[in-house]
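Asker: quick check, what structure comes out for this input:
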Amino acid sequence: MRISNETKHVAFPVVVREMKHFSEKLLGLLYPGRPEAVYFRARFGIHTFFMKHPIDVLVLDHDFRIVAIRHSLRPWRFFFWSFRYSRVLELPIDSIQRSGTELGDKLELIR
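Answerer: Residues are numbered from 1 along each chain as shown. Coordinates of the predicted model:
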């Protein structure tokens, strides 16, 4: 799966894996085979326990608009947001900055 920023007309240069099962979500970017980015649903927060490197995180609403951004979320940290949003995209560090992505931008997942 690929992801693009419809607002900025920019494609993220990463392959995205959708995580559907609890064990996949628990491992996120630690998942075996190490996808470049992961998309999943989480109700109000994530953690970066056991990660060895920081990640970028985008939280999306039901229309795939960005409602929360965290640049360079370091290992062993929590990131919480409003329980109204459940779509999460974990990306390699600096992906947000390189793409020029901002709050309110609309993303598209391309299968």
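Asker: contacts and neighbour counts: CA atoms only from here.
Answerer: Will do.
Asker: what pLDDT does residue 50 get?
Answerer: Predicted confidence (pLDDT) for residue 50: 86.
Asker: just checking, it touches residue 75?
Answerer: Yes: Residue 50 is within contact range of residue 75, at 6.8 Å (criterion: C-alpha atoms under 8 Å).
Asker: give me the more crowded residue out of those two.
Answerer: residue 75 (15 against 11; other C-alpha atoms under 10 Å).
Asker: show me the contacts for that one.
Answerer: By C-alpha atoms under 8 Å, 6 or more residues apart in numbering, the residues touching residue 75 are 48, 49, 50, 51, 52, 53, 54.
Asker: and it, how close does it get to residue 8?
Answerer: 29 Å (C-alpha to C-alpha, to the nearest Å).
Asker: ok now the lengthiest strand in the chain, how far from the chain's centre?
Answerer: When the chain is parsed with DSSP state E, its longest strand is strand 66-73. A distance of 8 Å separates the C-alpha centroid of strand 66-73 from that of its chain, computed with C-alpha atoms, centre = their mean, to the nearest Å.
Asker: related to what we said a few turns ago, distance to residue 104 and secondary structure added to the contacts of residue 75, as a markdown table?
Answerer: Shown next, in a markdown table, are those (distance: C-alpha to C-alpha, whole Å; DSSP: H, G, I helix; E, B strand; the rest coil):
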| residue | distance to residue 104 | secondary structure |
| --- | --- | --- |
| 48 | 24 | coil |
| 49 | 28 | coil |
| 50 | 31 | coil |
| 51 | 28 | coil |
| 52 | 30 | coil |
| 53 | 27 | coil |
| 54 | 23 | coil |
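Asker: among those residues, who's most crowded?
Answerer: Highest count within those by other C-alpha under 10 Å belongs to residue 48, 21 neighbours.
Asker: give me the below-cutoff pLDDT ranges for the protein.
Answerer: 23-35 (pLDDT under 70).
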